[in-house]
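1. Predicted model and sequence follow; I will ask about them next.
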Amino acid sequence: MIRSDGSPKGDGFTHSRLWDLMAGLPCILFNAFAAGGFAILIGRALHQRIGLTSGLQILSESGSFVFFSMEAVLVCIRRLPRRKYHGPLPRMVALVAAYSPFVLVLLPRAALSIPLAVASTTLLLIGTAGGIVTLTYLGRSFAILPQARRLITDGPYRYVRHPLYLFGQVSLIGVSLQFQQPWASAVALIGLVLQFPRMTLEEEILRQAFPEYRRYQARTPLLLPHWGKLKQ
């Protein structure tokens, strides 16, 4: 059964707010740690001479700070799930897809020309800005694991069913340019491939929780928007 606020009813401690907060604690800590790291980088950069590339880098790092901070806060205040998977496999698929791209930090950094540095930072800015906008619409429905909390179909979700993953891939391409090739591009490609089983699991649980999701799914592209729809 479902309460009036959309949360499960009568399913015990594993469907309580305390359990949801405990389950999200690793995500909270990870995002808080990432936000703190970007805050340190921003502070250091502000004490140096600022040019075109360094200015763009500060903007990118500021956006990343906001993005990771938002994710940490949203996990703390999010709605309880209406429906979710049980068992380790769906959780493992989601976690590997979400965090495997961070393998990039283990690779040696590349010496970037100014045009490549600008391209990398620009992609990061676009991806991070899009991610922040998407999180604003997603709000208290945010989750890393495949769960159904509330159906969102407006904002960026009007154009694609998974805008957060789309902008995440744009950011990942931007980051990968900063590391040794071809390994960094391989990590970015693997990160993209891993999103597809994750999206499949999410869409299955959304169809179970929201019958209207099938209509939304039929009219909205998965990951890349239709050009005609963008002009509307």
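-> Alright, I've got the coordinates.
2. alpha carbons only for contacts and neighbour counts from here, please
-> Fine.
3. tell me the pLDDT at the spatially closest residue to residue 53 that is not a sequence neighbour?
-> Nearest non-adjacent residue to residue 53, counting by CA to CA, 6 or more residues apart in numbering: residue 118, 6.1 Å away. Per-residue confidence (pLDDT) for residue 118: 89.
4. Which parts of this protein are helices?
-> 17-23, 25-46, 52-77, 88-99, 114-138, 163-176, 183-209, 213-219, 227-230 (DSSP state H).
5. Now that we have those, can you turn them into JSON lines and tack on mean neighbour count and distance to residue 146?
-> Shown next, in JSON lines, are the helices of the chain (neighbours: other CA atoms under 10 Å; distance: least, CA to CA, whole Å):
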{"stretch": "helix 17-23", "mean neighbour count": "15", "distance to residue 146": "13"}
{"stretch": "helix 25-46", "mean neighbour count": "16", "distance to residue 146": "14"}
{"stretch": "helix 52-77", "mean neighbour count": "20", "distance to residue 146": "14"}
{"stretch": "helix 88-99", "mean neighbour count": "16", "distance to residue 146": "7"}
{"stretch": "helix 114-138", "mean neighbour count": "20", "distance to residue 146": "14"}
{"stretch": "helix 163-176", "mean neighbour count": "22", "distance to residue 146": "13"}
{"stretch": "helix 183-209", "mean neighbour count": "18", "distance to residue 146": "5"}
{"stretch": "helix 213-219", "mean neighbour count": "14", "distance to residue 146": "15"}
{"stretch": "helix 227-230", "mean neighbour count": "9", "distance to residue 146": "27"}
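6. Could you name the stretch from the ones you listed that's closest to residue 107?
-> Of all these, the one in closest proximity to residue 107, counting by CA to CA, is helix 183-209 (7.4 Å).
7. Which phi and psi values does the residue lying closest to residue 161 once chain neighbours are set aside adopt?
-> Nearest non-adjacent residue to residue 161, counting by CA to CA, 6+ apart: residue 222, 5.0 Å away. With angles defined as degrees, to the nearest 10, residue 222 sits at phi -70, psi -60.
8. count of neighbours near residue 222?
-> 17 (other CA atoms under 10 Å).
9. Please could you give me each C-alpha atom of stretch 58-66, formatted as CSV?
-> This file holds the C-alpha atoms of stretch 58-66, laid out as CSV (Å, rounded to 0.1, in the frame of the first residue of the first chain):
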residue,chain,number,x,y,z
ILE,A,58,37.4,28.2,-11.8
LEU,A,59,33.9,28.4,-13.3
SER,A,60,33.9,24.7,-14.0
GLU,A,61,35.1,23.8,-10.5
SER,A,62,32.5,26.1,-9.0
GLY,A,63,29.8,24.3,-11.0
SER,A,64,31.1,21.0,-9.8
PHE,A,65,31.0,22.2,-6.2
VAL,A,66,27.4,23.2,-6.6
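10. Report the contact partners of the spatially closest residue to residue 97 that is not a sequence neighbour.
-> Leaving aside its sequence neighbours, residue 97 sits nearest to residue 194 (CA to CA, 6+ apart; 5.1 Å). Shown in contact with residue 194 (CA atoms under 8 Å, 6 or more residues apart in numbering): 93, 96-97.
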